[in-house]
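Novice: Provided below are the primary sequence and the corresponding predicted coordinates.
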Amino acid sequence: MQAIDHYTIKTIGIPEIILMENAARSVVDVILEESPKHVTIFCGMGNNGGDGFAIARLLYQRTIEPTIVLIGSKKQLKGDALVNFDILVQLKLCIKEITHIEQLDEVYTMAINQDCLVDALFGTGLSRDIEGLYLEAINMMNQLEAPIISVDIPSGVDADTGNIYGTAVKADKTVTFCCPKIGLLLYPGADYAGDVKIKDIGIPQQSVNRIAPKVQVITEKIPCLPKRINDSHKGTFGKLLLIAGSADMPGAAILSSLAAYRSGVGLVKVFCDERIRSSIASKVPEVVYASYIGEQEVLADKDYDQLIGALQWADAVAIGPGLGQSNVSLELLRTVLEVSNDPVLIDADGLNLLSSHTHLLENRKMPTIITPHLGEMARLCNTSIESIKKDVISISKKFSITYGCISVVKSSRTIITNNKGDVFINPYGNSGMATAGSGDVLTGIISSLIAQSIILEDAVLLGVYIHSKAGDLVKDKFGAYGLIASDIIDEIPNVMKPSLVE
């Protein structure tokens, strides 16, 4: 966002103070929705504080008496922030300059009776932990009962990662400018943002296009599903080979295959341990089967031949859900990556096996998608879950570029990266989907769409979207507590109805 601002100001030639004025007007519009009589604006020393000063003047023009709390010395103000501050001085508005922690007691006593608080302390440029006077001011704001409106981003939230710099303002609303900041979408930052409103402040589309952001948010303007051909048969809509399930986890193969069929694929063949074949057949009679002897240390020759035949038959392959991590499972994964020419999706135990054998990705011939949760991604990258959480976008992007794959990192905000460095954030879904089998359902949906010859990246984006929106439909019906993975499968057709079809 800073690069877009810089291009707009330096190259396009729109003065920064005009953007500041437009930003202030957009925030005032949101403040007025609260119908406040008394507003206190907490301002920092930079341009975010300058926005706050302009907001105070515009409120004053609307006959609302604002109180401006400047955290720091006015002597340190400069540029357009100083211009707007000097106007407030000329208007003789109430300005409290806070340079010592003891002065906050008076501010707290005054602010208890305010109708609305505005957070204009720090913007998107913050890159260090908050401490001292600012730390105490933010903690005080969070103790007050009045609704808080943050300018551009809650102070203390990292705009690029959503991480918290020691503490952060807990906003009820955040008015952000031009486009959403990543830190407003990713947790924990999303928990601090409240209701996010995106406002146009006059930045030309040329600036946005010129500094094309590599990070995009998935919206309901998702790529469309192709129309189903009337003159067709089951082979027309693709053949999916699903290598999944084990004696301990037959349900994973059931959930993935059901989700795949509900997502439109013509045929699903499950290649599974022979001990669970009847279990799957009783739950998913539409599936066709090939099986192997899972109790042996190596894959039998006849089972290997069956696998080769299944790979030649398939239009897409998914491997890993409930597979287990035996020597036979590793042999299955190795064979798929060495032999298949069709797109392969690797999930769950497939990823756990891959984490110790990432060299298997180096000489493969097929497009590959991985769908790890945070723990699996940590194992793949030989790091901790906390490290992944702190910088999930950069780590996922690096993995995708290094291994030439599409990565779908599943979390409260699913992140999708490709080998070109593009990043997509999925804002849909809910906490009820953090349940056993939910990832198996996602595997079935994405691999089903790939088997139907939908463009690979579109299939991944559509699959993530359909999965999360189906989960949201379930939550709307039953709430988050009672949501189970099979409920998500039931809602897939409702998400895929005509609104998603060309």
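Specialist: Nice, I can see it.
Novice: thinking residue 88 is in contact with residue 59, fair?
Specialist: No. Residue 88 is not in contact with residue 59 according to C-beta atoms under 8 Å; the separation is 10.9 Å. For the C-beta atoms, the positions are set from N, CA and C on the backbone; glycine is no exception.
Novice: what is in contact with these two at once?
Specialist: By C-beta atoms under 8 Å, 6 or more residues apart in numbering, residue 88 and residue 59 have no common neighbours.
Novice: the stretch 301-450 of the chain: helices as residue ranges?
Specialist: Ranges of helices within the stretch 301-450 of the chain are 301-313, 327-339, 349-354, 374-381, 385-390, 392-403, 438-451, based on DSSP state H, counting those that start in this stretch.
Novice: show the residue spans covered by the helices in the stretch 51-200 of the chain.
Specialist: 79-90, 104-111, 132-143, 182-185, 189-193.
Novice: coming back round to it: looking at the helices of the stretch 301-450 of the chain, which one is packed in the most?
Specialist: Scoring these by mean neighbour count under mean count of other C-beta atoms under 10 Å gives helix 438-451 as the most buried, with a mean of 30.
Novice: please parse the protein into its domains.
Specialist: Domain assignment of the chain by automatic domain parsing yields the ranges 2-213, 234-355+427-445+469-500.
Novice: save the ones you listed as JSON lines, and put in mean pLDDT too.
Specialist: Output for the domains of the chain, formatted as JSON lines (pLDDT from 0 to 100):
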{"stretch": "domain 2-213", "mean pLDDT": "95"}
{"stretch": "domain 234-355+427-445+469-500", "mean pLDDT": "96"}
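Novice: any idea which element residue 481 lies in?
Specialist: Counting by DSSP states H and E, no helix or strand carries residue 481.
Novice: ok, it touching residue 431?
Specialist: No. At 9.2 Å, residue 481 does not count as touching residue 431 under the criterion of C-beta under 8 Å.
Novice: what about the two, which has more around it?
Specialist: Shown here are residue 481 and residue 431; by other C-beta atoms under 10 Å, residue 431 has more neighbours (12 against 9).
Novice: circling back: export the helices of the stretch 51-200 of the chain to JSON lines and tack on mean neighbour count and distance to residue 260?
Specialist: Shown next, in JSON lines, are the helices of the stretch 51-200 of the chain (neighbours: other C-beta atoms under 10 Å; distance: least, C-beta to C-beta, whole Å):
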{"stretch": "helix 79-90", "mean neighbour count": "17", "distance to residue 260": "56"}
{"stretch": "helix 104-111", "mean neighbour count": "15", "distance to residue 260": "56"}
{"stretch": "helix 132-143", "mean neighbour count": "18", "distance to residue 260": "47"}
{"stretch": "helix 182-185", "mean neighbour count": "23", "distance to residue 260": "29"}
{"stretch": "helix 189-193", "mean neighbour count": "22", "distance to residue 260": "31"}
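Novice: of all the ones you listed, which lies closest to residue 209?
Specialist: helix 182-185 (18.8 Å; C-beta to C-beta).
Novice: what's that closest one packed up against?
Specialist: Helix 182-185 is packed against helix 189-193, with contacts defined by 3 or more C-beta pairs under 8 Å, 6 or more residues apart in numbering; DSSP states H and E.
Novice: quick revisit: can I get the helices of the stretch 301-450 of the chain in CSV including distance to residue 271?
Specialist: As requested, the helices of the stretch 301-450 of the chain are exported to CSV (distance: least, C-beta to C-beta, whole Å):
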stretch, distance to residue 271
helix 301-313, 5
helix 327-339, 8
helix 349-354, 13
helix 374-381, 22
helix 385-390, 31
helix 392-403, 24
helix 438-451, 13
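Novice: and of these, who's closest to residue 16?
Specialist: Nearest to residue 16, of the helices of the stretch 301-450 of the chain and by C-beta to C-beta, is helix 392-403 at 28.2 Å.
Novice: show me the contact partners of that closest one.
Specialist: 160-161, 182, 186, 215, 358, 361-362, 368, 370, 374, 377, 380-381, 383, 387-388, 405-407, 409, 411, 415, 417-419, 421, 423.
Novice: and it with helix 374-381, angle?
Specialist: Relative orientation of helix 392-403 versus helix 374-381 (axes from the mean of the first three to the mean of the last three C-alpha atoms, to 10 degrees): 40 degrees.
Novice: tell me the mean pLDDT for helix 392-403?
Specialist: Throughout helix 392-403, pLDDT has a mean value of 96.
Novice: where does the nearest residue to residue 249 once chain neighbours are set aside fall, phi/psi-wise?
Specialist: Once flanking residues are discounted, residue 249 sits nearest to residue 322: 3.2 Å by C-beta to C-beta, 6 or more residues apart in numbering. When read as degrees, to the nearest 10, the backbone of residue 322 gives phi 60, psi 20.
Novice: for stretch 316-327, the distance to its chain's centre please.
Specialist: 26 Å (C-alpha atoms, centre = their mean, to the nearest Å).
Novice: alpha carbons of it, as PDB, please.
Specialist: As requested, the backbone C-alpha atoms of stretch 316-327 are provided in PDB (Å, rounded to 0.1, in the frame of the first residue of the first chain):
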ATOM      1  CA  ALA A 316      -6.400 -36.300 -11.800                       C
ATOM      2  CA  VAL A 317      -4.900 -37.900  -8.600                       C
ATOM      3  CA  ALA A 318      -5.400 -37.200  -4.900                       C
ATOM      4  CA  ILE A 319      -3.300 -39.000  -2.400                       C
ATOM      5  CA  GLY A 320      -3.000 -38.800   1.400                       C
ATOM      6  CA  PRO A 321      -6.200 -38.600   3.400                       C
ATOM      7  CA  GLY A 322      -6.100 -41.200   6.100                       C
ATOM      8  CA  LEU A 323      -3.400 -43.100   4.200                       C
ATOM      9  CA  GLY A 324      -1.100 -43.800   7.100                       C
ATOM     10  CA  GLN A 325       2.700 -43.500   7.000                       C
ATOM     11  CA  SER A 326       3.800 -47.100   6.500                       C
ATOM     12  CA  ASN A 327       6.500 -48.200   4.000                       C
END
